[in-house]
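[1] Need a 3D model of the following:
(one chain, ligands or ions: 1)
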Amino acid sequence: MTADEFRDAGHQLIDWIADYRSSLEQMPVRAQVDPGSIKNRLSSAPPELPVEFEEMLEQLQQVVLPGITQVQHPMHFGWFPSNASLASVLGDIASSGLGTLGISWESCPALTEVEEVVCDWMRQLTGLSAQWQGSIQDTASTACLTALLVAREQASNFSQNGGGLQAEKTAYTIYSTEEAHSSVTKSALLAGFGKDNLRFVDVDPLTRAMSTTALESVIEADIGKGLVPAAIVASAGSTGVTAFDPISQIADIARQNNIWLHVDAAMAGSAMLLPECRRLWDGVENADSISWNPHKWMGTVLDCSLFYVKNPELLIRVMSTNPSYLRSNVDSEVTQYRDWGIPLGRRFRALKLWFHLSLDGPAAIRTRLRRDLDNARRFAEQVEACKEWRVLVPVNLQTVCIRHEPAGLDLEALDRHTLAWVNSINRSGKAFMSPSQLAGQWMVRVSIGVESTTWEHVESLWQLIRQHAALSLEQG
Ligand SMILES: Cc1ncc(COP(=O)(O)O)c(C=O)c1O
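    Below is the predicted model of the structure:
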């Protein structure tokens, strides 16, 4: 494709995306396709000859679009918001168009230095002190793994330089809760700690936040057995119910015992743009690492996960590689982000964050976040005011966990009823929510926060929910 052909096709593609974004409210929220149906509409053999661009657009429209669950749809209330602001999409396109190679400062000085600057902007916007230095990772899962690898090396006095964990005489332990995201377990396993050494500390039965008394006693018991506590992963906004572990007290326990504290704020980091929400992660300054995803509620198109540490030297000591072909005579003066994480080749992700912050602006982002918090509060009030409906967990941010509990249903029948009404809404394509288990019982998470979701959308969701719940009861 020549630059002129690209210009022509690119204009058409931008028009197509703009039309798609302005019409997506007419589409079903959940993809209405059966497994395998998209594959069946594609040729099983790769094209030998070039396809016209118009034909590609037609295929996007006819084959791809039906296979997309519309997470940008205003009636999408599932999982967590995965906003993709169009301002950030432009930055992502710029990044792809530039075709940069981020393997060293020298391979793209702008990639490194824009990243340093936007990470620092985000630090300031979320009220973190200047002791934090950030990088952009693909996901919070990678950030958590990176944190646990550093924690492992800190606890084992850099065992990786010898026989690794395999040569250690004792086991290293990790502490989190069952509310924590599955990526915490995955990271602990990938970092070689082993399931036997991962502790799920008890939580408060109402708030689902980590109990610090339980944390203290489990750490004490482990030390008594000769084990070495290596890391605590605290959730600031857990996936299921947006629980906030008490970071301040956890940080004290971590410091007393020389344990690495990683704060997973994947979802709730966005809320920290609002000064009034920062009490929720009080004590975060005493953690060792923090990750959160602008690619969720804040709305920088996926993938864009911020990872902050206070001591980059430790990170670099664990992650650094210094192959001869990547050395340059400015190495002592510059940041080499390849030494801050796992991949060597890095995308120019900072561009989408830079575009997002510059074109939309933090003031407008904050207004939108506050609108969502208000909508969640109003929605929760309506649910609570309605007979036989319950809000199950305190609403910390924009996710409301609800259940319809009509009299006379035993626990099994209640589960069937919950799944019946939520699944029938999801099947209808009119709205989408995620059913999830809380202490073994099904409930429904209503996660408010898509960029285009207004109070009117939330109100029509509430009507839909009551209609489908009534229908489920009628049909038994
Ligand atoms: C609290 C929490 N941590 C981690 C993750 C994983 O995020 P990612 O998809 O960026 O790995 C999620 C995803 O929803 C999450 O809610």
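[2] right, and the helix or strand after the helix or strand harbouring Phe6?
    With secondary structure defined by DSSP states H and E, Phe6 is part of helix 3-23. Using DSSP H and E, the helix or strand that directly follows helix 3-23 along the chain is helix 37-40.
[3] That following helix: what's the following helix or strand?
    With elements assigned by DSSP H and E, the helix or strand that comes after helix 37-40 is helix 53-59.
[4] May I see the buried residues of that following helix?
    By neighbour count, with 16 or more other Cβ atoms under 10 Å as the criterion, the buried positions of helix 53-59 are Phe53. Yep, even glycine has a C-beta here, placed from its N, CA and C like the rest.
[5] pLDDT on the following helix or strand past it, on average?
    From helix 53-59 onward toward the C-terminus, using DSSP H and E, the following helix or strand is strand 76-77. Taken as a whole, strand 76-77 carries a mean pLDDT of 98.
[6] Who does strand 76-77 pair with, and is each partner parallel or antiparallel?
    Strand 76-77 sits in its sheet next to strand 432-438 (parallel), going by DSSP bridges.
[7] ok, residues contacting the strand it pairs with?
    By Cβ atoms under 8 Å, 6 or more residues apart in numbering, the surrounding residues in contact with strand 432-438 are 29-30, 69, 73, 75-79, 208, 240-241, 392-393, 401, 418-419, 422-423, 425-426, 442-447, 461.
[8] With stretch 187-198 instead?
    Around stretch 187-198, the neighbours that count as contacts under Cβ under 8 Å, 6+ apart are 141, 144-145, 147-149, 151-152, 164-165, 171-174, 176, 185, 227, 230, 233.
[9] what about 10 Å?
    140-153, 155, 159-160, 164-166, 171-176, 181, 183-185, 199, 222, 227-231, 233, 262, 264 (Cβ atoms under 10 Å, 6 or more residues apart in numbering).
[10] what is the rounded mean pLDDT of stretch 212-231?
    Summarised as a single mean, pLDDT over stretch 212-231 is 98.
[11] Buried ones in that stretch, by neighbour count?
    Residues of stretch 212-231 classed as buried: 212, 214-216, 218-219, 222, 227-231 (neighbour count, 16+ other Cβ under 10 Å).
[12] Take that stretch, keep the C-alpha atoms, and write them as CSV.
    Presented in CSV, the C-alpha positions along stretch 212-231 are these (Å, rounded to 0.1, in the frame of the first residue of the first chain):
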residue,chain,number,x,y,z
THR,A,212,-5.9,-6.9,59.0
THR,A,213,-6.3,-9.0,62.2
ALA,A,214,-6.5,-12.1,60.0
LEU,A,215,-3.5,-10.9,57.9
GLU,A,216,-1.4,-10.4,61.0
SER,A,217,-2.1,-13.8,62.4
VAL,A,218,-1.5,-15.6,59.2
ILE,A,219,1.8,-13.9,58.7
GLU,A,220,2.8,-14.6,62.3
ALA,A,221,1.9,-18.3,61.8
ASP,A,222,3.9,-18.5,58.6
ILE,A,223,7.0,-16.9,60.2
GLY,A,224,6.5,-19.4,63.1
LYS,A,225,6.8,-22.2,60.6
GLY,A,226,10.0,-20.8,59.1
LEU,A,227,8.4,-19.5,55.9
VAL,A,228,9.3,-16.1,54.5
PRO,A,229,6.5,-13.7,53.7
ALA,A,230,7.4,-12.0,50.4
ALA,A,231,4.4,-9.9,49.2
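[13] and that stretch, how far out from the chain's middle?
    With Cα atoms, centre = their mean, to the nearest Å as the basis, stretch 212-231 stands 29 Å off its chain's centre.
[14] same check, this time on stretch 71-82
    Averaging C-alpha positions (Cα atoms, centre = their mean) puts stretch 71-82 13 Å from its chain's average.
[15] buried ones in that stretch?
    Along stretch 71-82, the positions that meet the burial threshold by neighbour count (16+ other Cβ under 10 Å) are 71-82.
[16] Just the closest of those to the ligand, please.
    Using Cβ to the nearest ligand atom, Phe80 comes nearest to the ligand of the buried residues of stretch 71-82, at 5.1 Å.
[17] secondary structure class for the closest one?
    Secondary structure, DSSP: H, G, I helix; E, B strand; the rest coil: Phe80 is coil.
[18] give the contact list for it.
    By Cβ under 10 Å, 6+ apart, Phe80 lies in contact with 71, 237, 239, 242, 266-268, 270, 293, 295-297, 397-399, 434, 445, 447, 449.
[19] So which of those are in strands?
    Residues of the contacts of Phe80 located in strands (DSSP state E): 399, 434, 445, 447.
[20] So the last one is in contact with Trp79, correct?
    Spelled out, it's Ser447. Yes - contact criterion Cβ atoms under 10 Å: Ser447 and Trp79 qualify, at 6.4 Å.
[21] Check the contact lists of the two and give me the overlap.
    Where contact means Cβ under 10 Å, 6+ apart, the residues bridging Ser447 and Trp79 through contact with each are 239, 267, 296, 399, 432-434.
[22] neighbours of the residue nearest to Tyr20 when sequence neighbours are not counted, just the number please.
    If you skip the residues right next to it in sequence, Tyr20 has Leu65 as its closest partner in space, 7.4 Å away by Cβ to Cβ, 6 or more residues apart in numbering. Close neighbours of Leu65, defined as other Cβ atoms under 10 Å, add up to 14.
[23] Can you tell me how far Leu65 is from the ligand?
    Computed with Cβ to the nearest ligand atom, to the nearest Å, the distance linking Leu65 and the ligand is 23 Å.
[24] Hmm, Met27 and that residue touching each other?
    Yes - Leu65 lies in contact with Met27 (Cβ under 10 Å); the separation is 7.6 Å.
[25] which neighbours do those two share?
    Residues touching both Leu65 and Met27 (Cβ under 10 Å, 6+ apart) are Tyr20.
[26] Please work out the average pLDDT along stretch 307-318.
    Mean predicted lDDT for stretch 307-318 stands at 96.
[27] in that stretch, what's buried?
    Neighbour count says stretch 307-318 has 307-310, 312, 314-318 buried, by 16+ other Cβ under 10 Å.
[28] and if you look at stretch 245-253?
    By neighbour count on 16+ other Cβ under 10 Å, the buried set for stretch 245-253 is 245-247, 249-253.
[29] May I ask which two of those are separated the most?
    The most widely separated members of the buried residues of stretch 245-253 are Asp245 and Asp252, with 12.9 Å between them, by Cβ to Cβ.
[30] Give the residues shared as contacts by these two.
    The overlap between the contact sets of Asp245 and Asp252 (Cβ under 10 Å, 6+ apart) consists of 212, 283.
[31] The residue positioned nearest the centre of the chain and the ligand, how far apart?
    Centrality entry for the chain: nearest residue to the mean C-alpha point is Ala266, 4.2 Å, by Cα atoms, centre = their mean. In this structure, Ala266 and the ligand are separated by 3 Å, where distance is defined by Cβ to the nearest ligand atom.
[32] Skipping adjacent residues, who's closest to that residue in space?
    The spatially closest residue to Ala266, leaving aside those adjacent along the chain, is Ala140, at 3.8 Å (Cβ to Cβ, 6+ apart).
[33] Correct me if wrong: that neighbour contacts Ala268.
    No - using Cβ under 10 Å as the test, Ala140 is too far from Ala268 to be in contact (11.1 Å).
[34] which residues do the two both contact?
    Both Ala140 and Ala268 are in contact with 292-293, 296, where contact means Cβ under 10 Å, 6+ apart.
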